[in-house]
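Trainee: Got a predicted model here, sequence first, then my questions.
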Amino acid sequence: MSKKKILAVILSMITAAGMLGGCEQKQETAVDGQITIRVGGWPLETDEKAYAARMEIKEEFETTYPNIKIVPDEWGFDLDTFLPKAVSGQLPDIYITSFTEIKRIIQSGYACDISEYMEKYKYTEYLRDDIMDLISDENGSIYAVPKTSYAMGLMINMNLFTEAGLINEDGTPMIPDTWEDVAEFSKIIKEKTGKPGFGMSTMNNVGGWHFLNLAWGYGTNKEFVKQENGKWVADFATPECIEALQFVKDLRWVHGATPDNALLDFDEMYKLFATDQLAMIIASPPLNALFDQYGMTNTDAAAVKMPAGPAGRFAQIGGEIQVMKNGLTEEQIDACFKWLEFNGVTPEVSEDRKKNIDTEYRIQNEKGYVVGIRKHSMWKADNVPPVRQYEEECIEKYTNVNPELWKDYADFSKVTVVPEPPISCQQLYSLLDGCIQSVFADESADPKALLEEAANNYQVNYLDKEK
């Protein structure tokens with residue numbers, strides 16, 4: 001039985017039983033005015049530096065708010081342990097998970113409605129509408145606090161583009177505006193440098209994860225599923241998705257654009273890109289691992305928008321959110337928001353947080369990471385919160401690259417951003433991995449048959465078992 005299946009079955013049983021642990025079951029944790037909150041994701045004591053740093057923040061916070069006690073909890077979200085902890089009331093009061101999990105947690109009754117506090121602490125004033133949709137239910141009530149967000153783009157190896165003559169007079173890379181341009185650029189790169197122009201990981205769910213961006217560009221249903229009579233139905237073995245997978249196959253066999261290895265994992269793809277063996281990859285810029293682990297310098301890379309397909313230009317978004325478990329008192333919820341505010345997860349910015357933000361960017365500069373890129377932001381562009389304004393000041397102060405190399409990626413005005421599929425997305429990615437492996441390994445592979453088989457497996461093994 002899959003993790004997602006276990007989650008769906010148990011949560012549906014609990015929901016039917018009356019939302020165990022609901023808001024009406026308030027925790028009694030305030031004694032003599034003292035409020036206690038248990039914070040998840042605490043570093044292990046064996047990680048001495050991280051543990052010491054977090055304990056120092058805890059001490060500073062409790063000095064600032066002497067009526068609030070922070071109880072460290074090492075648990076971090078995972079499907080194996082979430083349900084037992086939820087059922088037994090042992091979840092931390094606040095913990096981190098991904099955008100993909102919040103809808104299911106909301107439906108199960110394990111998250112607090114924090115709408116009032118999101119307004120009080122000004123999140124609703126500044127958060128983008130698409131981010132608000134991800135953390136809200138169908139009635140508009142809010143159940144999570146965004147912590148980070150990312151959006152995918154196309155990263156470019158500047159050395160290979162230069163060698164292939166794909167550089168403008170101002171030193172910026174020529175932009176492959178469409179997926180067909182990616183194929184054309186790849187042929188030029190292969191001819192001029194002997195290196196593959198474009199690479200996709202095909203393992204560990206990464207290939208399927210990245211393929212969605214391309215499939216959406218060809219017109220595939222954004223959720224890859226639809227609902228019929230209250231049931232989830234696979235909806236991706238369509239002419240549009242077949243055309244997208246055929247394009248991926250053509251990259252290998254018609255254009256000679258991809259590495260010969262049909263079993264390329266994430267790390268190997270990064271390594272090839274960072275060592276001038278691969279010219280273009282899908283990624284979430286600036287991808288510090290390239291500079292930290294593989295020796296690439298911050299002047300050797302650039303990033304542009306996700307290329308457009310026949311149906312438009314699409315990029316996947318994701319990130320981390322903070323969830324407060326159901327059953328907290330109003331005082332505890334407010335204490336959780338004060339903890340988030342103290343740690344900088346807030347649209348406002350204190351003087352202490354300014355010092356921390358400055359230090360973060362200074363260290364990135366010193367390590368040779370890319371500073372100067374405007375990454376995808378969860379905040380509105382036309383109503384920029386104080387924290388984002390100060391981040392902009394630090395970016396200007398510590399910029400260590402030519403911003404023009406990253407400018408195109410940072411312009412999301414002509415990009416449709418789309419969240420991950422709502423149901424069993426990791427299982428979907430794994431099945432799509434297999435499709436990509438097949439078209440890369442076998443010139444006679446049939447994209448239509450592969451996607452039909454994947455959709456059937458997705459339906460029978462996962463969607464039919466969802467509640």
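Mentor: Received the coordinates, thanks. Residues are numbered from 1 along each chain as shown.
Trainee: All the strands of this structure, residue numbers only.
Mentor: Listed in chain order, the strands of the chain (DSSP state E) span residues 35-39, 68-72, 94-98, 145-151, 153-157, 198-199, 225-228, 231-234, 280-283, 301-304, 314-324, 416-418.
Trainee: for the ones you listed, which one sits closest to Glu163?
Mentor: When those are compared by C-beta to C-beta, strand 153-157 sits nearest Glu163, at 9.5 Å. All C-beta spots, glycine's among them, are computed from the backbone N, C-alpha and C.
Trainee: Please state the offset of the closest one from the chain centre?
Mentor: Strand 153-157 sits 17 Å away from the centroid of its parent chain (C-alpha atoms, centre = their mean, to the nearest Å).
Trainee: Now do the residue positioned nearest the centre of the chain against Asn168, distance only.
Mentor: Central residue check for the chain by C-alpha atoms, centre = their mean: the C-alpha nearest the mean position is that of Gly318, 2.9 Å away. When C-beta to C-beta, to the nearest Å is the yardstick, Gly318 and Asn168 sit 32 Å from each other.
Trainee: ok, back up a step: may I ask you to confirm that the residue nearest to the centre of the chain is in contact with Val418?
Mentor: No - at 10.0 Å, Gly318 does not count as touching Val418 under the criterion of C-beta atoms under 8 Å.
Trainee: re earlier: could you dump the strands of the chain to JSON lines with mean pLDDT and distance to Glu116?
Mentor: Rendered in JSON lines, the data for the strands of the chain read as follows (pLDDT from 0 to 100; distance: least, C-beta to C-beta, whole Å):
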{"stretch": "strand 35-39", "mean pLDDT": "97", "distance to Glu116": "17"}
{"stretch": "strand 68-72", "mean pLDDT": "97", "distance to Glu116": "19"}
{"stretch": "strand 94-98", "mean pLDDT": "94", "distance to Glu116": "16"}
{"stretch": "strand 145-151", "mean pLDDT": "91", "distance to Glu116": "13"}
{"stretch": "strand 153-157", "mean pLDDT": "97", "distance to Glu116": "36"}
{"stretch": "strand 198-199", "mean pLDDT": "96", "distance to Glu116": "47"}
{"stretch": "strand 225-228", "mean pLDDT": "92", "distance to Glu116": "31"}
{"stretch": "strand 231-234", "mean pLDDT": "94", "distance to Glu116": "32"}
{"stretch": "strand 280-283", "mean pLDDT": "96", "distance to Glu116": "38"}
{"stretch": "strand 301-304", "mean pLDDT": "96", "distance to Glu116": "39"}
{"stretch": "strand 314-324", "mean pLDDT": "94", "distance to Glu116": "12"}
{"stretch": "strand 416-418", "mean pLDDT": "92", "distance to Glu116": "28"}
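Trainee: Let me have the ones you listed in a markdown table, extended by distance to Glu393.
Mentor: Conversion of the strands of the chain to a markdown table gives the following (distance: least, C-beta to C-beta, whole Å):
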| stretch | distance to Glu393 |
| --- | --- |
| strand 35-39 | 29 |
| strand 68-72 | 30 |
| strand 94-98 | 27 |
| strand 145-151 | 20 |
| strand 153-157 | 24 |
| strand 198-199 | 36 |
| strand 225-228 | 43 |
| strand 231-234 | 46 |
| strand 280-283 | 27 |
| strand 301-304 | 22 |
| strand 314-324 | 23 |
| strand 416-418 | 26 |
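Trainee: Quick one: closest of the ones you listed to Glu348.
Mentor: In terms of C-beta to C-beta, the element of those nearest to Glu348 is strand 145-151, at 13.2 Å.
Trainee: in that closest one, what counts as buried?
Mentor: Val145, Pro146, Lys147, Ser149, Tyr150, Ala151 (16 or more other C-beta atoms under 10 Å).
Trainee: show me what contacts the last one?
Mentor: Listed by C-beta atoms under 8 Å, 6 or more residues apart in numbering, the contact set of Ala151 reads Ser284, Ala315, Gln316, Ile317, Lys375, His376, Phe412, Val415, Val417.
Trainee: Considering the residues you listed, which possesses the most neighbours?
Mentor: By neighbour count, taken as other C-beta atoms under 10 Å, the most surrounded of the contacts of Ala151 turns out to be Ala315 (24 neighbours).
Trainee: tell me the contacts of the nearest residue to Gly256 once chain neighbours are set aside?
Mentor: In this structure, Gly256 finds its nearest non-sequential neighbour in Lys190, 5.4 Å apart by C-beta to C-beta, 6 or more residues apart in numbering. Taking C-beta under 8 Å, 6+ apart as the definition of contact, the neighbours of Lys190 are Pro196, Gly197, Gly256, Ala257.
Trainee: Can you turn the buried part of those into a PyMOL selection?
Mentor: Per 16+ other C-beta under 10 Å, the buried members of the contacts of Lys190 correspond to this PyMOL selection:
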select buried, resi 196+197+257
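Trainee: What is the most widely separated pair among the contacts of Lys190?
Mentor: The distance between the two most remote of those (C-beta to C-beta) is 8.5 Å, for Gly197 and Gly256.
Trainee: joint contacts of the two?
Mentor: Counting by C-beta under 8 Å, 6+ apart, the residues touching both Gly197 and Gly256 are Ser186, Lys187, Lys190.
Trainee: Those into TSV, with extra columns for pLDDT and distance to Ile363?
Mentor: Compiled in TSV, those are given as follows (pLDDT from 0 to 100; distance: C-beta to C-beta, whole Å):
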residue	pLDDT	distance to Ile363
Ser186	97	36
Lys187	96	41
Lys190	96	38
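Trainee: between those residues, which is closest to Leu450?
Mentor: Ser186 (22.4 Å).
Trainee: Do I have it right that that closest one meets Arg252?
Mentor: No - using C-beta under 8 Å, Ser186 is not in contact with Arg252, being 10.4 Å away.
Trainee: any residues in contact with both of the two?
Mentor: Where contact means C-beta under 8 Å, 6+ apart, the residues bridging Ser186 and Arg252 through contact with each are Thr258.
Trainee: So which residues of the stretch 251-400 of the chain form helices?
Mentor: For the stretch 251-400 of the chain, the helices defined by DSSP state H, counting those that start in this stretch occupy 266-274, 289-292, 330-342, 351-367, 386-398.
Trainee: Switch the ones you listed over to JSON lines; also include distance to Ala52 and mean pLDDT.
Mentor: Written out in JSON lines, the entries for the helices of the stretch 251-400 of the chain read as follows (distance: least, C-beta to C-beta, whole Å; pLDDT from 0 to 100):
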{"stretch": "helix 266-274", "distance to Ala52": "30", "mean pLDDT": "93"}
{"stretch": "helix 289-292", "distance to Ala52": "22", "mean pLDDT": "85"}
{"stretch": "helix 330-342", "distance to Ala52": "17", "mean pLDDT": "95"}
{"stretch": "helix 351-367", "distance to Ala52": "16", "mean pLDDT": "87"}
{"stretch": "helix 386-398", "distance to Ala52": "25", "mean pLDDT": "93"}
